[in-house]
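In: Pasting the sequence and the predicted model now:
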Amino acid sequence: MTLRPYLRKLLKIPFIILYLAVLSGAWLWFGKGGFARLFHSEAERQATVERVHKLAEENEALLKEVHLLRGDPGYLESVARRELNLIKEKEVLYRFEKSSKTSADESKPSKGTTDLDGKK
C-alpha cells in the first residue's frame, strides 16, 4: 500500500512534462510569431525575391535601350519613326484604314494624306 502513493507521484512528473510540451507546441505553432507566421513570412519573402528578379531584368533591358539610344543613330531613328511618327524629307506617309473591305480596297491610301511639301 505504501508503494501506490509513490507511484502516483512518480507518474505525475511525465504527465506534467507532456502537458507542458503540448502547451509549448501549441504556443509555438499558433502564437504570435509562431510557425504559421514563419511560413507566411517565407511566402512573402519568396514573392518579393521574384519581384526583385523581374525588376532587375526590366532594369537591364532599359539600360540596354539607353545604351542603344545614346550610341546607335540608326536605332534612334527607328524609335523616332515608330513612336513619334517622324518621316524624312521627300518621304510620303500613307495611312491605311483598317476595315472589313476586300484586300483590293485596303491597299488604297486614305483621303487627306500629304507629303512634307503639302502636296496631295
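Out: Nice, thanks for sending it over.

In: switch to C-alpha atoms for all contacts and neighbour counts from now on
Out: Noted.

In: Give me the neighbour count for L28.
Out: Close neighbours of L28, defined as other Cα atoms under 10 Å, add up to 14.

In: What is the subsequent helix or strand relative to the helix or strand where it lies?
Out: Using DSSP states H and E, L28 sits in helix 3-30. Moving toward the C-terminus from helix 3-30, the next helix or strand (DSSP H and E) is helix 35-71.

In: Quick check: can you list the domain ranges of the chain?
Out: 39-86, 92-120 (automatic domain parsing).

In: if you average pLDDT over each of those domains, which comes out lowest?
Out: Among the domains of the chain, domain 92-120 has the lowest mean pLDDT, at a mean of 61.

In: who does the helix holding L28 touch, helix- and strand-wise?
Out: Under the contact criterion of 3 or more Cα pairs under 8 Å, 6 or more residues apart in numbering; DSSP states H and E, helix 3-30 touches helix 35-71.

In: and the helix it packs on, how far out from the chain's middle?
Out: How far helix 35-71 lies from its chain's middle: 7 Å, per Cα atoms, centre = their mean, to the nearest Å.

In: Which neighbouring elements make contact with that helix?
Out: For helix 35-71, where contacts count as 3+ Cα pairs under 8 Å, 6+ apart, the packed elements are helix 3-30, helix 73-84.

In: Dump those to CSV, plus distance to Q46.
Out: Below are the helices and strands packed on helix 35-71 laid out as CSV (distance: least, Cα to Cα, whole Å):
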stretch, distance to Q46
helix 3-30, 21
helix 73-84, 37
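
In: Could you tell me the least trusted of these?
Out: Of all those, the minimum mean pLDDT falls on helix 3-30 (a mean of 81).

In: How many neighbouring residues does F15 have?
Out: 11.

In: Actually, H67.
Out: H67 has 11 nearby residues by other Cα under 10 Å.
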